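A.B. asks: Attaching a predicted model along with its sequence, questions to come.
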Amino acid sequence: PSPTPTFQLTATVANSSLQSYNPFVALNDIQNRGGDLFVSFRLELQSRAPLDTRTIQNILREERMNIERELGGNASIDPLSITVTQTSK
């Protein structure tokens, strides 16, 4: 069986350039949308992380090939479909 998307995101983020900000990943929602799978997740970083949403989006886009590979090559992630929004606690 394929690993869950949350596990893959956690592993990918833990090994990315975000690792020094003690990232926490939690799955919000997962939906089948026709031929696509929509995955919404929360990424929490230390509050003093000097990163904006564009930087985080670019990091996730850079890591997408690692996620695809970790999912056994059974997924293709459109980099333009990766969006990041900031919310406050």
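C.D. replies: Structure's in. What do you need? Numbers count the residues shown, from 1 in each chain.
A.B. asks: Please count neighbours and contacts with C-alpha atoms only from this point.
C.D. replies: Will do.
A.B. asks: in the chain, what spans have low per-residue confidence?
C.D. replies: Along the chain, segments meeting pLDDT under 70 span 1-8, 47, 89.
A.B. asks: could you pull out the helices for it?
C.D. replies: 5-14, 53-70 (DSSP state H).
A.B. asks: Looking only at the last one, what residues are buried by neighbour count?
C.D. replies: Within helix 53-70, the residues scored as buried using 16 or more other CA atoms under 10 Å are 56-57, 60-61, 63-67, 70.
A.B. asks: these two touch, right, residue 60 and residue 83?
C.D. replies: No: contact status for residue 60 versus residue 83: not in contact, 9.1 Å apart, counting by CA atoms under 8 Å.
A.B. asks: ok, now how distant is the residue of the chain positioned farthest from its centre from residue 82?
C.D. replies: Most distant from the centre of the chain: residue 34, at 20.9 Å, with distances by CA atoms, centre = their mean. In this view, residue 34 and residue 82 are 18 Å apart by CA to CA, to the nearest Å.
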